[in-house]
Structure formats: C-alpha cells, structure tokens
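**Student:** what's the 3D shape of this:
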Amino acid sequence: MNSPDFDTLLNFFKVLANENRLKLVGILSQTECSVEDLAARLHLKEPTISHHLMKLKELNLVEMRSQGNTHFYKLNGDTLSYLNKSLFTSEQMANWTKDIPTEAWEEKVLRSYINSDCLIEIPASRKKRLVILKWLVNKFDLGRTYTEKEVNEILKRYHPDSATLRREFIGYKLMKRDKGIYERLAENLWQSEREIMKQKN
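**Tutor:** Purely as a prediction, here's the structure:
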C-alpha cells in the first residue's frame, strides 16, 4: 500500500461498506478458508465470494496461499496494523480536515455576537466566549501596560460589563495582571479552552 492519503482512506471505507465483506474479514481473522468454504458459510455463490475477495485484496487486507488447485485466504494482520498506525492516528485524522478553514466557525460566532463593532452579549458557552475574548483582547496593544481604569474604559466601548470581561482576560491568560497593571500576552501564551476546562474540573 502506498503512503496513506485521503483517497486511500475513502477507498478503505468504500470497500468495507458492505455487509458480506465485513463478514469475510471477520471469518478470515479467525481462520484460513477457501472460496468454497466461504461460499458455504455465507450462503453465497463462489463467483460472488471471489469478487469480494478481489476487493479486499486491492487493499491488501487478505493474503492468499495455494495448495494444489485450491486457494486459501486469511486476513493480513500486518496491513491492519499499518492502517491503524498510519491512517487512524490523531495527527493523520487531523489532516483529513486540513483543507477546511479553521476560522470559519469562529467567524460565525463573531457574526452572531458582534453588531456594529459592539458585543451584543457575553456568550454563556466557554468555547464561544473564548472567541469573543480573543477578538476583544486585540483592541489592546502588545507591549503596552494599562491601568484597570484604562482597561475598563476600552472594554466599555464594546460592552458595559467590563468587570466580567476583564476577569476572563486573566482567566484565559489573554492578559496578565500585576499590582493593578494589565498587559496583553502574546498569542503563544494564550490558554486553550481545553486547559481552561481542565482547571474547572
């Protein structure tokens, strides 16, 4: 099998999206069988079994052994192991969506909660709130410090509840506070939603 890619993955699911092929894989994972034996077990004609086996062989999921005029088939465990390690890792599954813009959902959230550059309401969902907070924190300059009064004045341009927004900046590590002085943090220091939820649990 070539280097795993999206087409390989689609073909894999397409081949296995068949009840009889799944049953064949199940049988061959336990024992070696001939076409005649498989046809008897599944109550199918031998040409039908041969057709299904050919599809499985295209993915190298089954391997064949000849004994005289009879061909015996069994599951190729090495291919299953390879697929598991190459196609179904977290990194590889993330690549399935590499062509989908990750900003699309965040842009939708902003459209829902921002009107004329003002925050309509603070989202109850922490995931959506983080999107809003990231948008708001960009109203502050990197490398500059702000007093609490200055932070409140800037936030009130967008929403009246500056105290909640200010606290959330600190909670999500979008800003740091030291003796009443606030400073925006760089993006690489921002805390993710997953990290925030771990702290809450």
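
**Student:** helices and strands around the helix or strand containing residue 84, which ones?
**Tutor:** Taking DSSP states H and E as the definition, one finds residue 84 inside helix 77-86. In terms of contacts (3 or more C-beta pairs under 8 Å, 6 or more residues apart in numbering; DSSP states H and E), helix 77-86 is packed against no helix or strand at all. Quick note: C-beta positions are derived from backbone N, CA and C, even for glycine.

**Student:** Use 637 as the first number from now on
**Tutor:** Okay, residue one is now 637; in that scheme the one you just asked about reads as helix 713-722.

**Student:** For it, buried residues please.
**Tutor:** By neighbour count with 16 or more other C-beta atoms under 10 Å, helix 713-722 contains the buried residues 715, 719.

**Student:** likewise stretch 758-773?
**Tutor:** Residues of stretch 758-773 classed as buried under the neighbour-count rule (16+ other C-beta under 10 Å) are 759, 764-769, 771-773.

**Student:** which residues sit against that stretch?
**Tutor:** Outside of stretch 758-773, the residues that reach it under the criterion C-beta atoms under 8 Å, 6 or more residues apart in numbering are 742, 745-746, 749-750, 755, 791, 794-795, 797, 800-801, 804-805, 808, 810-811, 820, 826, 829, 832-833.

**Student:** Show me those that map onto strands.
**Tutor:** Among these, the subset assigned to strands under DSSP state E consists of 750, 755, 811, 820.

**Student:** and which of those residues is nearest residue 651?
**Tutor:** Proximity to residue 651 was ranked across these by C-beta to C-beta; first place goes to residue 750, at 46.7 Å.
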